[in-house]
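Novice: output the structure for:
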Amino acid sequence: MEVVQMSKDYSALVHGFMQSEIDALQEIDSSVTDNNYNDVIDTLLNIDGKLIFMGVGKSGLIGRKLAATFSSTGTPSFFVHATESVHGDLGMIQKNDTVVLISNSGETKEILAPIPSLKRIGTKLIAFTGKDTSSLAKQCDLTLVIPIDHEADKLNLAPTNSSTGVLVVGDSIACTVSELKGFTKENFATFHPGGALGKKLLKSQSV
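Specialist: Residues are numbered from 1 along each chain as shown. Sure, this is the predicted structure:
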(Lines give C-alpha, C1' and ligand atoms only; values in the text may rest on other atoms or scores of the structure.)
Protein backbone atom coordinates (compact mmCIF):
# COMPACT_ATOMS: atom_id res chain seq x y z
CA MET A 1 0.00 0.00 0.00
CA GLU A 2 1.25 3.46 -0.84
CA VAL A 3 1.03 6.19 1.77
CA VAL A 4 -1.26 8.97 0.56
CA GLN A 5 0.72 12.22 0.35
CA MET A 6 -0.95 15.06 2.19
CA SER A 7 -0.18 17.90 4.56
CA LYS A 8 1.11 17.12 8.04
CA ASP A 9 -2.14 18.25 9.65
CA TYR A 10 -3.43 14.78 10.45
CA SER A 11 -5.64 16.10 13.23
CA ALA A 12 -8.43 16.89 10.78
CA LEU A 13 -8.64 13.22 9.83
CA VAL A 14 -8.54 12.14 13.46
CA HIS A 15 -11.31 14.59 14.38
CA GLY A 16 -13.41 13.42 11.44
CA PHE A 17 -13.24 9.75 12.37
CA MET A 18 -13.75 10.57 16.03
CA GLN A 19 -16.83 12.64 15.17
CA SER A 20 -18.21 9.70 13.21
CA GLU A 21 -18.08 7.56 16.33
CA ILE A 22 -19.61 10.33 18.43
CA ASP A 23 -22.45 10.70 15.92
CA ALA A 24 -23.03 6.95 16.00
CA LEU A 25 -23.29 7.01 19.78
CA GLN A 26 -25.77 9.88 19.65
CA GLU A 27 -27.92 7.87 17.27
CA ILE A 28 -27.80 4.90 19.62
CA ASP A 29 -28.64 7.12 22.58
CA SER A 30 -31.72 8.45 20.79
CA SER A 31 -32.90 4.86 20.22
CA VAL A 32 -32.99 4.01 23.95
CA THR A 33 -36.72 4.50 24.26
CA ASP A 34 -38.33 1.07 24.04
CA ASN A 35 -39.00 -1.70 26.52
CA ASN A 36 -36.26 -3.94 25.14
CA TYR A 37 -33.75 -2.33 27.49
CA ASN A 38 -36.08 -2.85 30.44
CA ASP A 39 -36.56 -6.52 29.53
CA VAL A 40 -32.82 -7.10 29.19
CA ILE A 41 -32.04 -5.35 32.47
CA ASP A 42 -34.79 -7.25 34.31
CA THR A 43 -33.31 -10.48 32.98
CA LEU A 44 -29.79 -9.56 34.10
CA LEU A 45 -31.01 -8.51 37.54
CA ASN A 46 -32.63 -11.91 38.06
CA ILE A 47 -29.95 -14.27 36.75
CA ASP A 48 -29.65 -17.41 38.88
CA GLY A 49 -26.37 -18.39 37.27
CA LYS A 50 -23.68 -16.56 35.36
CA LEU A 51 -23.73 -14.04 32.53
CA ILE A 52 -21.80 -15.23 29.49
CA PHE A 53 -20.76 -13.16 26.47
CA MET A 54 -20.13 -14.83 23.14
CA GLY A 55 -18.70 -13.46 19.90
CA VAL A 56 -15.94 -13.70 17.30
CA GLY A 57 -13.51 -11.16 15.85
CA LYS A 58 -13.94 -7.59 17.07
CA SER A 59 -17.27 -8.52 18.64
CA GLY A 60 -15.43 -11.16 20.63
CA LEU A 61 -12.95 -8.60 21.91
CA ILE A 62 -15.82 -6.36 23.01
CA GLY A 63 -17.48 -9.36 24.65
CA ARG A 64 -14.34 -10.06 26.68
CA LYS A 65 -14.28 -6.48 27.93
CA LEU A 66 -17.98 -6.49 28.84
CA ALA A 67 -17.62 -9.75 30.76
CA ALA A 68 -14.82 -8.11 32.75
CA THR A 69 -16.94 -5.02 33.42
CA PHE A 70 -19.96 -6.99 34.62
CA SER A 71 -17.78 -9.22 36.82
CA SER A 72 -16.11 -6.27 38.52
CA THR A 73 -19.44 -4.55 39.15
CA GLY A 74 -21.28 -7.40 40.83
CA THR A 75 -22.55 -9.74 38.10
CA PRO A 76 -20.47 -12.93 37.71
CA SER A 77 -19.58 -13.12 34.04
CA PHE A 78 -17.12 -14.60 31.56
CA PHE A 79 -16.47 -14.80 27.82
CA VAL A 80 -16.73 -17.85 25.58
CA HIS A 81 -15.41 -17.67 22.02
CA ALA A 82 -18.21 -18.74 19.69
CA THR A 83 -15.95 -20.94 17.55
CA GLU A 84 -14.43 -22.68 20.56
CA SER A 85 -17.88 -23.15 22.08
CA VAL A 86 -18.85 -25.81 19.53
CA HIS A 87 -15.61 -27.68 20.19
CA GLY A 88 -16.29 -28.37 23.86
CA ASP A 89 -16.48 -24.98 25.58
CA LEU A 90 -20.28 -25.22 25.70
CA GLY A 91 -19.55 -27.42 28.71
CA MET A 92 -18.87 -24.20 30.64
CA ILE A 93 -22.50 -23.16 30.24
CA GLN A 94 -25.42 -24.36 32.36
CA LYS A 95 -29.19 -24.07 32.20
CA ASN A 96 -29.48 -21.22 34.70
CA ASP A 97 -26.95 -19.07 32.84
CA THR A 98 -27.75 -16.22 30.43
CA VAL A 99 -25.81 -15.84 27.19
CA VAL A 100 -25.37 -12.57 25.28
CA LEU A 101 -24.46 -13.21 21.64
CA ILE A 102 -22.85 -10.25 19.85
CA SER A 103 -22.97 -9.71 16.07
CA ASN A 104 -23.64 -6.45 14.26
CA SER A 105 -24.97 -8.19 11.15
CA GLY A 106 -26.67 -10.95 13.09
CA GLU A 107 -25.68 -13.34 10.30
CA THR A 108 -22.16 -14.36 11.36
CA LYS A 109 -22.15 -18.14 10.96
CA GLU A 110 -19.82 -18.71 13.92
CA ILE A 111 -22.19 -16.90 16.29
CA LEU A 112 -25.24 -18.75 14.96
CA ALA A 113 -23.62 -22.21 15.17
CA PRO A 114 -23.88 -22.69 18.98
CA ILE A 115 -27.51 -21.55 19.25
CA PRO A 116 -29.14 -25.00 18.77
CA SER A 117 -26.94 -26.44 21.54
CA LEU A 118 -27.57 -23.46 23.81
CA LYS A 119 -31.30 -24.00 23.34
CA ARG A 120 -30.89 -27.66 24.29
CA ILE A 121 -28.99 -26.62 27.41
CA GLY A 122 -31.89 -24.29 28.20
CA THR A 123 -30.05 -20.98 28.66
CA LYS A 124 -31.65 -17.59 28.16
CA LEU A 125 -30.35 -16.01 24.94
CA ILE A 126 -29.94 -12.27 24.38
CA ALA A 127 -28.84 -10.80 21.04
CA PHE A 128 -26.79 -7.62 20.79
CA THR A 129 -27.14 -6.83 17.09
CA GLY A 130 -27.68 -4.05 14.60
CA LYS A 131 -30.66 -5.67 12.87
CA ASP A 132 -33.89 -6.88 14.44
CA THR A 133 -34.67 -8.90 11.29
CA SER A 134 -31.42 -10.88 11.44
CA SER A 135 -31.15 -14.61 12.00
CA LEU A 136 -29.57 -13.97 15.40
CA ALA A 137 -32.41 -11.71 16.53
CA LYS A 138 -35.03 -14.24 15.43
CA GLN A 139 -33.41 -17.08 17.35
CA CYS A 140 -32.84 -15.33 20.68
CA ASP A 141 -35.28 -14.80 23.55
CA LEU A 142 -34.50 -11.08 23.72
CA THR A 143 -32.94 -8.73 21.20
CA LEU A 144 -31.25 -5.43 21.87
CA VAL A 145 -30.89 -3.53 18.61
CA ILE A 146 -27.84 -1.26 18.56
CA PRO A 147 -28.40 0.71 15.33
CA ILE A 148 -25.36 1.57 13.22
CA ASP A 149 -25.79 2.70 9.62
CA HIS A 150 -22.09 3.03 8.80
CA GLU A 151 -18.61 2.45 10.16
CA ALA A 152 -16.09 5.23 10.80
CA ASP A 153 -13.58 4.31 8.10
CA LYS A 154 -14.05 5.63 4.57
CA LEU A 155 -14.44 2.09 3.21
CA ASN A 156 -17.31 1.45 5.65
CA LEU A 157 -15.76 -1.92 6.46
CA ALA A 158 -13.71 -1.92 9.68
CA PRO A 159 -15.75 -2.57 12.86
CA THR A 160 -15.43 0.83 14.52
CA ASN A 161 -18.74 2.58 15.14
CA SER A 162 -20.44 -0.80 15.58
CA SER A 163 -17.96 -2.15 18.11
CA THR A 164 -17.85 1.14 20.00
CA GLY A 165 -21.64 1.15 20.11
CA VAL A 166 -21.83 -2.31 21.66
CA LEU A 167 -19.12 -1.40 24.16
CA VAL A 168 -20.92 1.75 25.31
CA VAL A 169 -24.32 0.06 25.48
CA GLY A 170 -22.87 -2.89 27.40
CA ASP A 171 -20.99 -0.67 29.84
CA SER A 172 -24.12 1.43 30.40
CA ILE A 173 -26.22 -1.64 31.12
CA ALA A 174 -23.53 -2.98 33.48
CA CYS A 175 -23.55 0.30 35.41
CA THR A 176 -27.36 0.30 35.51
CA VAL A 177 -27.52 -3.26 36.85
CA SER A 178 -24.78 -2.50 39.37
CA GLU A 179 -26.61 0.55 40.69
CA LEU A 180 -29.92 -1.29 40.90
CA LYS A 181 -28.21 -4.04 42.89
CA GLY A 182 -26.87 -1.48 45.35
CA PHE A 183 -23.27 -2.34 44.52
CA THR A 184 -20.94 -0.39 46.81
CA LYS A 185 -17.37 0.89 46.82
CA GLU A 186 -16.61 -1.79 49.40
CA ASN A 187 -17.94 -4.48 47.06
CA PHE A 188 -15.76 -3.13 44.26
CA ALA A 189 -12.70 -3.19 46.51
CA THR A 190 -13.32 -6.88 47.23
CA PHE A 191 -13.25 -7.69 43.51
CA HIS A 192 -10.43 -5.26 42.67
CA PRO A 193 -7.80 -5.41 45.42
CA GLY A 194 -4.83 -5.00 43.08
CA GLY A 195 -3.18 -1.96 41.53
CA ALA A 196 -3.42 1.68 42.49
CA LEU A 197 -7.23 1.63 42.47
CA GLY A 198 -7.44 -1.36 44.79
CA LYS A 199 -4.86 0.16 47.12
CA LYS A 200 -6.82 3.40 47.28
CA LEU A 201 -10.13 1.65 47.96
CA LEU A 202 -8.72 -0.64 50.63
CA LYS A 203 -6.95 2.26 52.33
CA SER A 204 -10.21 4.23 52.49
CA GLN A 205 -11.91 1.22 54.14
CA SER A 206 -9.26 0.99 56.85
CA VAL A 207 -9.61 4.65 57.85
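Novice: buried ones in the strand or helix carrying Lys138?
Specialist: Lys138 is part of helix 135-139, with elements assigned from DSSP states H and E. Neighbour-count burial for helix 135-139 flags Ser135, Leu136, Ala137, Gln139 (criterion: 16 or more other CB atoms under 10 Å). All C-beta spots, glycine's among them, are computed from the backbone N, C-alpha and C.
Novice: Ile52 sits in which helix or strand?
Specialist: Here Ile52 is assigned to strand 51-55, by DSSP H and E.
Novice: show me the contacts for Phe128.
Specialist: The contact partners of Phe128, by CB atoms under 8 Å, 6 or more residues apart in numbering, come to Val100, Leu101, Ile102, Ser103, Leu144, Ile146, Val166, Val169, Gly170.
Novice: and the residues you listed, which is closest to Ala196?
Specialist: Of all the contacts of Phe128, Ala196 sits closest to Gly170, with 24.9 Å by CB to CB.
Novice: for the closest one, what are phi and psi?
Specialist: phi -60, psi -40 (degrees, to the nearest 10).
Novice: surely it touches Ile62?
Specialist: Yes: proximity of Gly170 to Ile62 meets the contact threshold set by CB atoms under 8 Å, at 7.1 Å.
Novice: how many residues are close by the closest residue to Ala127 other than its chain neighbours?
Specialist: Leaving aside its chain neighbours, Ala127 sits nearest to Cys140 (4.0 Å; criterion: CB to CB, 6 or more residues apart in numbering). By other CB atoms under 10 Å, the residues close to Cys140 number 23.
Novice: show me where this protein has helices.
Specialist: 11-30, 35-45, 57-72, 82-85, 109-112, 115-121, 135-139, 161-180, 185-191, 195-206 (DSSP state H).
Novice: give me the buried positions along the third one.
Specialist: In this case it means helix 57-72. 57-67, 69-72.
Novice: so it versus strand 51-55, what angle?
Specialist: 170 degrees (axes from the mean of the first three to the mean of the last three CA atoms, to 10 degrees).
Novice: pLDDT score assigned to the closest residue to Lys65 other than its chain neighbours?
Specialist: For Lys65, ignoring the flanking residues on the chain, the nearest one in space by CB to CB, 6+ apart is Leu167 at 6.5 Å. At Leu167, the model reports a pLDDT of 98.
Novice: how about the contacts made by Leu167?
Specialist: Counting by CB under 8 Å, 6+ apart, Leu167 has contacts Ile62, Lys65, Leu66.
Novice: dump those to TSV, plus pLDDT and distance to Phe183.
Specialist: Formatted as TSV, the contacts of Leu167 follow (pLDDT from 0 to 100; distance: CB to CB, whole Å):
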residue	pLDDT	distance to Phe183
Ile62	98	22
Lys65	98	18
Leu66	98	16
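Novice: let me know the closest of those residues to Ala24.
Specialist: The closest of the contacts of Leu167, once distances to Ala24 are taken by CB to CB, is Ile62, at 14.2 Å.
Novice: what bridges to the spatially closest residue to Asp89 that is not a sequence neighbour?
Specialist: Computed as CB to CB, 6+ apart, the closest residue to Asp89 that is not its neighbour in sequence is Val80, at 5.2 Å. As for beta bridges, Val80 partners with Met54 under DSSP bridges.
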